[in-house]
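1. Predicted model, plus sequence, below.
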Amino acid sequence: MRLSPERAKKSDRLDDILATGGVHIGGTDFDKYLSLSSVMPLLGLGSKLTSNSEVPSGYYFNLATWHTINLIYTRKAWQQLQDVYREVAERDKFARLLDLVEQRAGHWLALQVEAAKIGLSAEESFTLELDRLRPPDTLQLTRAGFDASIDHLVTSVEQTVGKLLADAGVKADAIDSVFFTGGSSGVHLLRKRIAALVPSAKQVEGDLFGSIGAGLALDAVRKFS
């Protein structure tokens, strides 16, 4: 998009929009893959059944995904978990999962993982205290491990920005500024990849948690006074 103080005064900005695009990735997606890579193995993800096949991963994906956590609390899911427990080789890990489900502590766990994501966006390491697990546990997480778990998500964003440049017919070194907003824009790896993609651009920081809403409100004022 073309921006300038003069252009901001125009009533019709359609010609200033050079290209649009997007990818359906948000902060909870980063949380999900950090959880799957670091926390869910404590609860049995990747462990074996007595048949030597792996414990079904769907329970862990539901537990790691904010809007599907409640699915693991259903009577049907609980019965399935009981059946799996009888066949699982590492019962101590799976017992932790059963206890967490019985506590209905899935959203508590998701909040701990979110705190770890925020911590690793600012620091190279983070200590994750999981005191509601039985027995309690402490994980030492690193930014390098976090980056590895979300690499495919950041690559998708990176490719989308590259396509935007192509669609707009604009070279990367012609981009003056990149505006970052939303909590997930604070993820270090994302910032690093975008900076490499448009190295001449300065990074402009919006309100990480309020600027999208503010933008919608400004547009409503223009349209409806």
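-> Looks like it came in fine.

2. When you work out contacts or count neighbours from here on, use the C-alpha atoms and nothing else.
-> Will do.

3. and the spatially most central residue of the chain, helix, strand or coil?
-> Geometric centre of the chain, nearest residue: Phe30, 1.9 Å, by Cα atoms, centre = their mean. Using DSSP: H, G, I helix; E, B strand; the rest coil, the secondary structure recorded for Phe30 is helix.

4. What score does the closest residue to it other than its chain neighbours have for pLDDT?
-> Leaving aside its sequence neighbours, Phe30 sits nearest to Ile150 (Cα to Cα, 6 or more residues apart in numbering; 6.1 Å). Per-residue pLDDT puts Ile150 at 98.

5. Stretch 34-51 - what's its average pLDDT?
-> Mean predicted confidence for stretch 34-51 is 97.

6. State the pLDDT value of the closest residue to Phe126 other than its chain neighbours.
-> In this structure, Phe126 finds its nearest non-sequential neighbour in Leu141, 5.2 Å apart by Cα to Cα, 6+ apart. Predicted confidence (pLDDT) for Leu141: 98.

7. related to what we said a few turns ago, show me what contacts the residue nearest to Phe30?
-> The contact partners of Ile150, taken as Cα atoms under 8 Å, 6 or more residues apart in numbering, are Phe30, Tyr33, Leu34.

8. wait, which of the residues you listed is closest to Arg75?
-> Lowest distance from Arg75 to the contacts of Ile150 (Cα to Cα) belongs to Tyr33, with 26.3 Å.

9. Dihedrals phi and psi, that closest one?
-> phi -80, psi -30 (degrees, to the nearest 10).

10. any idea which helix or strand carries the residue lying closest to it once chain neighbours are set aside?
-> Using Cα to Cα, 6+ apart and skipping the chain neighbours, the partner closest in space to Tyr33 is Ser149 (5.7 Å). Counting by DSSP states H and E, the element that carries Ser149 is helix 143-168.
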